[in-house]
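Participant: no sequence on this one, just coordinates:
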């Protein structure tokens with residue numbers, strides 16, 4: 001490769017525009033919001049190390065009071081248990097031998 005060609009390639013590389021990284025995959029300050037933002041991760045680590053209810057409550061508040069980030073955040077669980085009435089195997093659970 002000639003020196004002229006090398007200089008040309010280096011000039012092109014330095015003139016190329018940088019792609020914007022809005023933080024879709026990795027957390028970026030001021031970028032797209034993440035479920036695992038630094039405050040959430042720090043509070044979870046503190047709760048795991050301290051094993052105190054107050055630390056867990058802080059973590060839970062950060063997670064439960066944030067706006068929905070994923071589609072699953074819009075789902076709600078039912079508090080009432082669902083009764084399962086008899087089916088074809090009811091009362092006849094096979095035993096291992």
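Facilitator: Here it is on my side, so go on. The model shown is predicted, which means the values in this text are computed figures rather than measured ones.

Participant: for the chain, give me the ranges with low pLDDT.
Facilitator: Across the chain, the ranges flagged by pLDDT under 70 are 1, 15-16, 18-25, 82-93.

Participant: and the residue most central in space within the chain, which helix or strand is it part of?
Facilitator: Geometric centre of the chain, nearest residue: residue 35, 4.4 Å, by Cα atoms, centre = their mean. Here residue 35, judged by DSSP states H and E, is contained in no helix and no strand.

Participant: isn't it right up against residue 72?
Facilitator: No: between residue 35 and residue 72 there is no contact, the gap being 10.1 Å when judged by Cβ atoms under 8 Å. (Glycine included, C-beta is placed from N, CA and C.)

Participant: overlap in contacts of those two?
Facilitator: Residues touching both residue 35 and residue 72 (Cβ atoms under 8 Å, 6 or more residues apart in numbering): none.
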